[in-house]
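Trainee: Turn this into a model:
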Amino acid sequence: MIERLLSNILAFLFAAGIIIFVHELGHYLAAKAFGVRVRTFSLGFGRRLWGFRRGGTDYRISLVPLGGYVAFEGQDPSATRVEPGDFLAAPRWQRILILFAGPFMNVALAVVLVAIVFMAGTEFVNQRDLSSEIGFVAPESPAAEAGLVAGDRIVALDDEPVDDWQQVSMTILTSPEQPLEVAYERDGQRLETTLTPISLPRYELGEAGILPAVLTRVRGVIEGSPAEQAGLQYADALLSVDGRPVVDIEDFTEYVRPRAGEPIEIGIERDGQRQTVTVVPEERDGHGAIGIYIARFEFQRLPPLEAFRESVRYNADTTREIVDFVGKIFERRISAQSAIGGPIQIAEFSGAAARRGVRELLFFMALISLNLFLINLLPIP
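Mentor: Predicted structure coming up:
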């Protein structure tokens, strides 16, 4: 318990410190570029704990680590005298750019963080790149009660056309306890049903019990194994085993384990063509195995230019989702409770992301940075 709390605090201070520093640095650099004197550059609020003075600016770390600020000389609109170098002495367009520089630095930070993850390597898949085909339906879930099954492809929700899984996910997420008219295709036929997502208790968001159809692929074949003898190859997509859809890695493995010495038929997709291969699992460590390494997502590293291009696309999609999410709060389709979280909740999420790994923490920091960008554009004190 103490270790978890400590990791939450450290992760929060690390994430918030970088995000706030970059934000305030944007204001600072823009002010310096236009010749506006900066009186204070502070990380945190309240009493000054530590710092130094240089070039007329007090660089400090303050007591309360829940934000930060840059203070300019001559910023008081009630001042009777304005001197060169004061904030109010700068032309209006320069003052606007100085104020907007902070939020836009948060966008730049989000792009850089996600690009770093893509360059380092990740199994992340953008939901906009996934089709609207259902890959798994949880038993007794709202989707199961609506009659949906794995293999159905959702084509419309409440008469709005659906093209990718991101649209499916966001519509369900923002429709807790609200009936959704679902149009879907099954075996070439267009069918309709009504799906009512349940409300997740803490955040009041929708949940329907479905997952996208992400192909489980062969990532390696052991030499001399039953899989190699049967002709399985790297990048083959595992579609079915003995006629049962392959839902995920665990589902496939659990089916094979008790069947050592028994022929099983595996449906695969290779180069866009579907075929079936027969494999006889061998006994290994007391259970059946066919000798392959499998994964749902392909681990990939992107070259710098492509990583930044994909990062821009990812952050643009995320920004649209945040705006759409906030819009549905104002429409009262979802509760404001689902979006409002204080420092304690952010610390919990930061710690959880950090414990899952650096990549998760960087993705989370990018999300918070984008939220800070949007919040600063709103006329909220």
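Trainee: Against residue 317, how distant is residue 305?
Mentor: With distances defined as C-beta to C-beta, to the nearest Å, the gap from residue 305 to residue 317 amounts to 19 Å. Backbone N, C-alpha and C define where each C-beta goes, glycine included.
Trainee: who's more crowded, the two?
Mentor: Relative neighbour count places residue 317 above the other of residue 305 and residue 317, with 14 against 9, counting by other C-beta atoms under 10 Å.
Trainee: Give me the contact list for the helix or strand in which residue 62 is found.
Mentor: In the assignment (DSSP states H and E), residue 62 maps to strand 57-72. Judged by C-beta atoms under 8 Å, 6 or more residues apart in numbering, the contacts made with strand 57-72 from elsewhere in the structure are 13, 16-17, 20-21, 23-24, 27-28, 31, 36-53, 86-87, 98, 102, 343.
Trainee: I'd like to know which of those are buried.
Mentor: Neighbour counting by 16 or more other C-beta atoms under 10 Å classes 16, 20-21, 23-24, 27-28, 31, 36-38, 40-44, 51, 86-87, 98, 102 among the contacts of strand 57-72 as buried.
Trainee: got any ranges where this structure has weak pLDDT?
Mentor: Across the chain, residues meeting the criterion (pLDDT under 70) sit at 1, 79-80, 123-125, 202-203, 215, 247-248, 296-299, 333-354, 356, 379-381.
Trainee: the strands in the stretch 201-350 of the chain, which residues?
Mentor: Defined through DSSP state E, counting those that start in this stretch, the strands belonging to the stretch 201-350 of the chain, from first to last, are 206-207, 210-212, 216-221, 237-241, 244-245, 264-270, 273-279, 282-284, 287-289, 292-295.
Trainee: closest one to residue 138 among those strands?
Mentor: When those are compared by C-beta to C-beta, strand 210-212 sits nearest residue 138, at 7.3 Å.
Trainee: Which strands border the closest one, and is each parallel or antiparallel?
Mentor: Sheet partners assigned to strand 210-212 using DSSP bridges are listed as strand 134-137 (antiparallel).
Trainee: you'd agree residue 230 is up against residue 277?
Mentor: Yes - with contact defined as C-beta atoms under 8 Å, residue 230 and residue 277 form a contacting pair (4.8 Å).
Trainee: on that earlier part again, from the buried ones among the contacts of strand 57-72, which land in helices?
Mentor: Using DSSP state H, the members of the buried ones among the contacts of strand 57-72 that fall within helices are 16, 20-21, 23-24, 27-28, 31, 98, 102.
Trainee: list the contacts for residue 240?
Mentor: If a contact means C-beta under 8 Å, 6+ apart, then residue 240 has 246, 265-267 as its contacts.
Trainee: buried subset of those?
Mentor: 246, 266-267.
Trainee: Including distance to residue 7, could those residues go into a markdown table?
Mentor: Listed next are the buried ones among the contacts of residue 240 as a markdown table, based on distance: C-beta to C-beta, whole Å:
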| residue | distance to residue 7 |
| --- | --- |
| 246 | 36 |
| 266 | 42 |
| 267 | 44 |
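Trainee: and the closest residue in space to residue 281 that isn't next to it in sequence, bridged to which residues?
Mentor: Taking C-beta to C-beta, 6 or more residues apart in numbering as the measure, residue 281 lies nearest to residue 288, with 3.5 Å between them; neighbours along the chain are not counted. Residue 288 has these beta-bridge partners by DSSP bridges: residue 283.
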